[in-house]
Structures are given as structure tokens and as C-alpha cells.
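> My questions are about this predicted structure, shown below with the sequence.
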Amino acid sequence: MINILLSGNKRVFDGALSELISITNKTKEPINCIILTMNLTRVKEEFLPFTEAQIEFLNKVVKSKNEQNVVKKIDVTKIYEKEFGGGKNESAYCTPYTLLRLLADLIPNIPDKLLYLDIDMLAQKDISTLYNIDISNYEYAAVKEKYGSKIIKYDYINAGMLLLNMKKIKETKLLQKARDMLKKRKLLFADQDAIYWNTTSKLILPRIYNEQRKFNCKNTVICHFSKRLWVIPYPHTENIKQWQVDKVHKVYKCHCFDEDLNEYIKWRETFNETY
């Protein structure tokens, strides 16, 4: 069983749907997907948790690939409010939902090994090759951040993909230390910075496990649809997500996920008709 951790609100349903389709299309091993969510309408009215209907539908989709696959949500509103409510980093570079991965050690019965993935990722190959990497001597495994490893520090990581050794993390108190740091200081990249600066042991993986630069790479296992810097035709950034299918085709010229994205479109239409 592969334990996957996602986080977000009801507005990123399309990310979860497309991502899980891409994973279950290529991975034969059963997946246990935990989605951390919360109600944070006191910050923005659209910050609502994943709905029961959305989780029910995600289960329908993944079970159509393998009956053993399962998706469940855990509402961590109370835990978040206690740890981060009204804090210095609530208005960080991304939404407060990026902070939810830092609460993993506070969740009862959390698996000892977790593959955390940002909601804007697609699998190009079987993710079991990543999940089965031995991290028994490390707190986590990650890939270097495409820009941060050049500007901040040579081993600065991108926290969009984290293969977490929760047993060791609880021993070293990595996430607790990260939360404490965020309570005291406002950090530019909030959760990512807090994880990096409090790490005691990490395994750096090849970027095929969190490709942040190129598309159509045959060796890529996970592609990250993160913000990209483009030089041509002029210096600018693009922040196109995988569920923006037309833009993925027209701007990124990326067609390597067409089978997954075409299936995503059909399932999305079914959801719209059903709910």
C-alpha cells in the first residue's frame, strides 16, 4: 500500500482528480490517499474544505482502477487554528493550506511512511519506484528546488514532493520545530523554509521525482506544474496548472499527459452532471 498525503480546499478538486488519475493509471500497487483540509472562511470566504461529494467521487474514480484504492479526508481546522491561526505566515506566498503538511505528526494513526505531493503534480510513471526508496536513516527525501538551490543554498529543497519518514520525524521533532519557527518568524517560503532550516537528515533525490523545469521528459516520474520562468519571447513567468488543459497544450506545448487529462475531462463532466 502506498500512503499518499495531499492538502487543499474544495477549489483544488480538479488538481486532486487529475493527479490521482495520473497516479492510478500507472501504479498497480494500491494507494491510500489522505487529504488534509479545513474551513478557513475567516481568512477568505472561498476557503472551504473538500466536500463529502468530492471525496466520494474521488473514491469512485480511484476504485475504478483498483478496488483496494481509497481516498479519505481529514479535517484539521481545529489543529490548524491552534497551531497557526492568525499567525505571521497565514498570508504567505501560497495559501494557508500549504502549512497543513506541517501538522502530519499531530494526526492520530498517521502511517509511518508518507508520500506528500502538492496538488499541482502529475505522475508520468509508476510512483512505487519513488515510494519504495529506503529512507529509514533520513527524516525525508526530496528534490532540490530549481531556483532556490542556486540562490539560497546548494541543497535547498522543493517541498512539493516529500517522502516522509514519520517515525523519525516524530523522534527528531522536525515538524514541531518547523511550526515553532513559523510562530516566531515570517518566512519568505513559509512551510518550505521551515522544513529546510530544521532538517537534521535528508536524502536528495534526482529531479525525475519532482521535475520543475521540463516537459516531455521520458525519464520523469513526477512532473510539477509549478511557476516557471520563461525567457522567450521575453522574460516572464507562467503558472499554469495541469487542469488548465488548453493552456498546457498551447503555452507549454505539453502533450505527454494527454491520456490522463482526457480522462480527467470526462470524469469532470460526469461529476458536474452527477453533483
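Structure received.
> mind listing the helices for the stretch 51-200 of the chain?
Ranges of helices within the stretch 51-200 of the chain are 52-63, 77-84, 128-131, 148-151, 166-172, 174-184, 190-197, based on DSSP state H, counting those that start in this stretch.
> in the fourth one, what's buried?
Residues of helix 148-151 classed as buried: 148-149 (neighbour count, 16 or more other C-beta atoms under 10 Å). In this view, the C-beta of every residue, glycine as well, is placed from N, C-alpha and C.
> One more: the second one?
Buried residues in helix 77-84, counting neighbours by 16+ other C-beta under 10 Å, are found at 79-80, 83-84.
> What is it packed up against?
helix 174-184 (3 or more C-beta pairs under 8 Å, 6 or more residues apart in numbering; DSSP states H and E).
> which secondary structure elements does the helix it packs on contact?
helix 77-84, helix 190-197.
> so which of those helices comes closest to residue 58?
helix 77-84 (19.9 Å; C-beta to C-beta).
> Touching the closest one from outside, list them.
38-40, 49, 90, 96, 99-100, 102-103, 106-107, 179, 182-183 (C-beta atoms under 8 Å, 6 or more residues apart in numbering).
> The residue nearest to residue 90 when sequence neighbours are not counted: neighbouring residues, count only.
Nearest residue to residue 90, sequence neighbours excluded (C-beta to C-beta, 6 or more residues apart in numbering): residue 96, at 5.3 Å. Residue 96: 22 surrounding residues under other C-beta atoms under 10 Å.
> Kindly report the same for residue 139.
Other residues close to residue 139 by other C-beta under 10 Å number 26.
> pretty sure it is touching residue 169, no?
Yes - Residue 139 is within contact range of residue 169, at 5.2 Å (criterion: C-beta atoms under 8 Å).
> circling back: quick one, what contacts the residue nearest to residue 90?
40, 43, 47, 80, 84, 90.
> next one: residue 35
Applying C-beta under 8 Å, 6+ apart, the residues near residue 35 are 6-8, 16, 50, 55, 71-74.
> Buried ones only from those, please, as a PyMOL command.
Remark: buried members of these, expressed as a PyMOL selection using 16+ other C-beta under 10 Å:
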select buried, resi 6+7+8+16+50+55+71+73+74
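> Just the contacts of residue 35: which are in strands?
Mapping the contacts of residue 35 onto strands (DSSP state E) picks out 6-7, 71-74.
> Out of these, which is nearest to residue 214?
residue 6 (23.8 Å).
> How about the closest one: which residues does it bridge to?
residue 35 (DSSP bridges).
> Residue 59 is in contact with residue 71, isn't it?
Yes - using C-beta under 8 Å, residue 59 makes contact with residue 71 at a distance of 4.9 Å.
> joint contacts of the two?
Overlap of the contact sets of residue 59 and residue 71 (by C-beta under 8 Å, 6+ apart) is empty.
> tell me the centre residue of this protein?
The geometric centre of the chain, computed from its C-alpha atoms, lies nearest to residue 118 (C-alpha atoms, centre = their mean), at 1.5 Å.
> Okay, that one and residue 12: tell me how far apart.
10 Å (C-beta to C-beta, to the nearest Å).
> For residue 64, report the pLDDT, please.
Residue 64 carries a pLDDT score of 98 in this model.
> Lowest average confidence across helices and strands of this protein, where is it?
Lowest on mean pLDDT, DSSP states H and E among the helices and strands of the chain sits strand 228-230, with a mean of 69.
> list the contacts for residue 254?
Contacts of residue 254 (C-beta under 8 Å, 6+ apart): 215-216, 248.
> Okay, buried residues for stretch 130-146 please.
130-131, 135, 138-146.
> What helices and strands are in contact with the longest helix along the chain?
Counting by DSSP state H, the longest helix found in the chain is helix 258-274. Contacts defined by 3+ C-beta pairs under 8 Å, 6+ apart place helix 258-274 against helix 13-26, helix 52-63, helix 245-250.
> what do you get if the cut-off is 6 Å, keeping everything else the same?
Applying 3 or more C-beta pairs under 6 Å, 6 or more residues apart in numbering; DSSP states H and E, one finds that helix 258-274 contacts helix 13-26.
> what about residue 223, neighbour count?
Residue 223: 25 neighbours (other C-beta under 10 Å).
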